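S.K.: Would you be able to build a 3D model of this:
(one chain, ligands or ions: 1)
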Amino acid sequence: MDAVQVISDYVRFPSVSTDPAFRGGMTDAKNFAARLLHHAGLAVEEVGTDLHDIVIGRRDGPDSWPHIVLYGHYDVQPADPLDLWTSPPFSPTVRDKRLFARGAADNKGPHSVAILALASLLARQPDLPLRITAIIEGEEEIGSPSFPKFLQQRKEELSKADFVLLSDTGSPSSEQIVVTTGLRGIVGIEVRLTGPKTDLHSGLHGGAVVNPIYALAQLCASLHNPDGSVNIPGFYDGVATPTQWEINELTKFPLTEPSYREFLGVDALYSQPHWTPIEATRHAPTLEFNGIGGGYQGEGGKTVIPSTAFVKITCRLVPGQDARDIINKLSSALKSRTPRGVHLELIERQGNNAYRVCPPNKPDTPRDQNPVLARAFHAASEAIADAFGNPPLFLSEGGSVPIIGDFKTVAGLDSLMIGLFTPDSNLHAPNENLELSIIERGISAYQTLLKKIASQPRS
Ligand SMILES: [Zn+2]
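M.R.: Model (predicted):
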């Protein structure tokens with residue numbers, strides 16, 4: 001089967017999980033995922049959820065066979081703004097040696113790579129001693145709300161597996177693949193301030209009322225110190241600093257501050273104590289403002305004191321921080337700093353803790369690390385070096401993939417995460433794409449990896 005053709009057929013279905021208008025696309029993509037698993041030789045089951053079904057593909061075998069869980073998601077982000085796409089988002093197009101379409105990189109392309117590799121391996125070696133549970137969900141882009149319940153239901157079965165294998169993280173280039181060994185956690189809060197019961201004439205009332213935008217700006221400004229650190233009491237309590245091997249590994253990462261500035265189009269990077277900007281994106285806890293609003297937003301001017309103002313905040317968390325604890329500390333800081341004259345309302349967004357997995361043979365590798373996972377780390381290193389020309393870097397990443405932590409907390413499973421998209425894959429943005437060479441090399445790497453994992457029985 002031609003891999004680019006398969007992925008092209010898959011991304012044609014507009015499976016936007018957040019928008020009910022795309023229900024048909026969700027069903028079509030789910031059915032495609034099921035066919036893909038069936039074609040690979042897996043027994044397919046569809047699991048209903050409150051929203052979008054989960055597709056499972058199974059290959060059973062004796063207990064002595066290594067058992068891996070393959071994860072992917074068939075849903076995608078909305079394609080808007082459509083006019084910024086060079087070719088339409090759901091009409092896959094190959095140009096500049098890349099496949100352009102929504103979902104090409106996140107995540108239909110990468111999980112198809114894994115499944116297609118498995119399919120061709122099993123076609124050649126039908127008796128391959130490897131157990132597989134492939135799980136393709138449809139709610140990742142909306143925070144996987146049904147996933148924890150699904151994991152609880154399947155806990156007994158899944159906790160007997162060895163580890164989770166997935167590609168839903170990034171690498172700096174097709175020459176340098178990253179195996180992700182950590183993900184930041186995340187919590188969110190929306191702050192709404194209400195002052196007067198309606199918008200007011202700023203001439204009639206200006207000078208007498210607390211302006212909610214002013215109060216909000218003060219609140220926002222209070223959340224960082226002048227040195228760039230987060231100003232919430234206890235925010236940094238227990239924060240784990242990166243180990244020496246992680247710092248060494250990051251020095252091999254092909255990115256300098258000037259090239260990063262250029263990539264971002266900024267003339268300076270943010271600075272804070274203890275971390276360089278490049279370290280900070282992977283190892284520092286942060287507090288960011290994601291959206292802000294209030295008052296007149298239209299053309300021209302309007303002399304008004306608005307009744308309300310809002311800001312949306314998220315914090316990225318690192319190992320040692322607890323999501324619930326950080327939400328509590330952030331809420332109390334906001335409450336204690338809200339001036340009189342405005343009313344504060346907080347809407348909390350559920351969060352998750354950071355995740356970290358340590359490769360084998362490091363000073364901090366857990367003694368009880370699953371031996372199949374340990375071997376798989378070595379095998380991944382060799383398979384990636386063979387297929388891509390360079391061994392992978394083992395790095396923490398700044399993003400959050402909540403299901404990775406869920407696999408660990410619910411089923412005790414660690415994850416081996418192989419990054420197959422690159423910075424110019426334009427994830428969640430117009431002109432999303434995946435390099436054709438990554439598809440080809442990825443399939444080769446996955447084949448070698450799966451074969452190596454299968455080559456030794458569980459001890
Ligand atoms: Zn995504």
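
S.K.: Please determine how far the spatially most distant residue from the centre of the chain is located from Val304.
M.R.: For the chain, the residue at maximal distance from the C-alpha centroid (C-alpha atoms, centre = their mean) is Leu204, at 49.4 Å. Relative to Val304, Leu204 is positioned 11 Å away (C-beta to C-beta, to the nearest Å). Glycine gets a C-beta too; all of them are placed from N, C-alpha and C.

S.K.: outside of the strand or helix carrying the residue farthest from the centre of the chain, which residues touch it?
M.R.: Assigned by DSSP states H and E, Leu204 falls within helix 202-205. Helix 202-205 has contacts (C-beta atoms under 8 Å, 6 or more residues apart in numbering) with Pro196, Thr303, Val304, Ile305.

S.K.: Which single one of these is nearest to Gln5?
M.R.: Nearest to Gln5 out of the contacts of helix 202-205 is Val304 (C-beta to C-beta; 56.7 Å).

S.K.: dump the residue contacts of the closest one.
M.R.: Asp199, Leu200, His201, Ser202, Gly295, Tyr296.

S.K.: got the phi/psi numbers for it?
M.R.: phi -130, psi 150 (degrees, to the nearest 10).

S.K.: Could I have the PyMOL command that selects the buried members from the contacts of helix 202-205?
M.R.: Burial among the contacts of helix 202-205 is assessed by 16 or more other C-beta atoms under 10 Å; the matching PyMOL selection reads:
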select buried, resi 196+304+305
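
S.K.: all strands for the stretch 151-300 of the chain, in order.
M.R.: Assigned by DSSP state E, counting those that start in this stretch, the strands in the stretch 151-300 of the chain fall at 163-166, 178-183, 185-194, 200-201, 286-294.

S.K.: Actually, the stretch 301-450 of the chain.
M.R.: So, for the stretch 301-450 of the chain - with DSSP E, counting those that start in this stretch - the strands run 304-305, 308-317, 343-352, 355-356, 393-397, 415-418, 433-435.

S.K.: Give me the contacts around the last one.
M.R.: Applying C-beta under 8 Å, 6+ apart, the contact partners of strand 433-435 are 7, 97-101, 104-105, 109-110, 174, 420-422, 424-426.

S.K.: Also stretch 328-342?
M.R.: 187, 189, 191, 193-195, 209-210, 212, 215, 218-219, 222-223, 231-235, 287, 313, 315, 344, 346, 348.

S.K.: And stretch 381-391, by the same measure?
M.R.: Residues contacting stretch 381-391 (C-beta under 8 Å, 6+ apart): 174-177, 179, 392, 418, 441-442, 444-449, 452.

S.K.: ditto for stretch 359-379
M.R.: Contacts of stretch 359-379 (C-beta under 8 Å, 6+ apart): 66-68, 162-163, 165, 179, 181, 243-245, 358, 394, 414, 416, 448-449, 452-453, 456, 458-459.

S.K.: What's the ChimeraX syntax to select whichever of the contacts of strand 433-435 are buried?
M.R.: Command for ChimeraX that selects the buried part of the contacts of strand 433-435, burial taken from 16+ other C-beta under 10 Å:
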select :7,98,99,100,101,104,105,109,110,174,420,421,422,425,426
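
S.K.: related to what we said a few turns ago, now the strands of the stretch 301-450 of the chain in CSV, with mean pLDDT?
M.R.: Formatted as CSV, the strands of the stretch 301-450 of the chain follow (pLDDT from 0 to 100):
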stretch, mean pLDDT
strand 304-305, 97
strand 308-317, 97
strand 343-352, 92
strand 355-356, 96
strand 393-397, 96
strand 415-418, 98
strand 433-435, 98
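
S.K.: can you give me the helices in the stretch 251-400 of the chain?
M.R.: Counting by DSSP state H, counting those that start in this stretch, the stretch 251-400 of the chain has helices at residues 257-264, 277-283, 323-337, 371-388.

S.K.: thinking again about what came up before, looking at the strands of the stretch 301-450 of the chain, which is closest to His52?
M.R.: The nearest among the strands of the stretch 301-450 of the chain, by C-beta to C-beta, is strand 343-352 at 18.4 Å.

S.K.: buried ones in that closest one?
M.R.: Of the residues in strand 343-352, Leu344, Gly351, Asn352 count as buried by neighbour count, 16+ other C-beta under 10 Å.

S.K.: that older thread, for the contacts of stretch 359-379, which ChimeraX command selects only the ones that are buried?
M.R.: Entered in ChimeraX, the line below selects the buried ones among those, by 16+ other C-beta under 10 Å:
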select :66,67,68,162,163,165,179,181,245,358,394,414,416,448,449,452,453,458
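
S.K.: circling back to that earlier point, just give me the closest of the buried residues of strand 343-352 to Phe150.
M.R.: Asn352 (15.7 Å).

S.K.: ok, which stretches of the stretch 101-250 of the chain are helices?
M.R.: Assigned by DSSP H, counting those that start in this stretch, the helices in the stretch 101-250 of the chain fall at 108-124, 147-153, 155-158, 202-205, 212-221, 244-251.
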